[in-house]
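Chemist: my questions are about this predicted structure, shown below with the sequence.
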Amino acid sequence: MATHHALRNSAPPARPASRTIHPVWVRVTHWLNALAAILMMLSGWRIYDASPIFPPFRFPPSITLGGWLGGALQWHFAAMWLLVFNGLLYLALNLASGRFSRKFLPVSPRAVLRDFIAALTGKLSHADLSIYNAVQKFAYLFVVCDLIVLVLSGLAIWKSVQFPLLRDLMGGYDNARIVHFCAMSLMAAFIVVHLAMVALVPRSLLAMLRGR
């Protein structure tokens, strides 16, 4: 009896269950949003080349999607519906669950600057992936706003006659195209920076794939 008790006490402690960082709905909507945004961006480059805002600048056909203007438009509109409905679902679930305020708020310019400097000097901790630093909070809030601008400016271009107030809010049809192009460029920059951060902290990719 004593031997059995001693063996039980000497046994290694049980490992605590892994904590879920990203629930299933976050991971699914995240990857669908990423897919839709990339498809829209690549097809949008082909649409841009058909009528460039800045004639000297064109995208190489090899990095565009659609093959021709008609094909690019089909890809663009298909991805648009995915982005809109999935994006609305993502926002609704974040707000309803309270995750939005827990993960992304509060954030201040001072905190963003502090964590940005810490990141540049290699002093920013990534020990707890469930807690976003101020730079991450700002980046994610920024990309949500940028996607909203992309959708609204795209709607002003696509349905210019049906939505005159939206078109006028963008400064007219031609300005709406410029707003759309600038928002797309910021989205591309975000993707590049986001991929760089994932390369620096590979555990963040695993967390978004398996939840922990």
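Modeler: Great, that's in hand.

Chemist: domain assignment for this protein?
Modeler: 22-52+66-103, 106-212 (automatic domain parsing).

Chemist: what distance separates the start and the end of the longest one?
Modeler: Just to be clear, that refers to domain 106-212. The straight-line separation of the ends of domain 106-212 (Cα to Cα, to the nearest Å) is 24 Å.

Chemist: ok, now the shortest one?
Modeler: The straight-line separation of the ends of domain 22-52+66-103 (Cα to Cα) is 11 Å.

Chemist: then stretch 52-60?
Modeler: End-to-end for stretch 52-60, by Cα to Cα: 13 Å.

Chemist: gap between it and the chain center?
Modeler: Counting by Cα atoms, centre = their mean, to the nearest Å, stretch 52-60 is centred 26 Å from the centre of its parent chain.

Chemist: and the contacts of it?
Modeler: Stretch 52-60 is contacted from outside by 45, 46, 48, 49, 177, 178, 181, using Cβ atoms under 8 Å, 6 or more residues apart in numbering. Heads up, the C-betas are built off the backbone N, CA and C, glycines and all.

Chemist: which element, helix or strand, includes residue 107?
Modeler: Using DSSP states H and E, residue 107 sits in no helix or strand.

Chemist: residues near the residue nearest to it when sequence neighbours are not counted, how many?
Modeler: Here the nearest residue to residue 107 in space, its sequence neighbours aside, is residue 137; by Cβ to Cβ, 6 or more residues apart in numbering that works out to 4.2 Å. Residue 137 has 20 neighbours, counted by other Cβ atoms under 10 Å.
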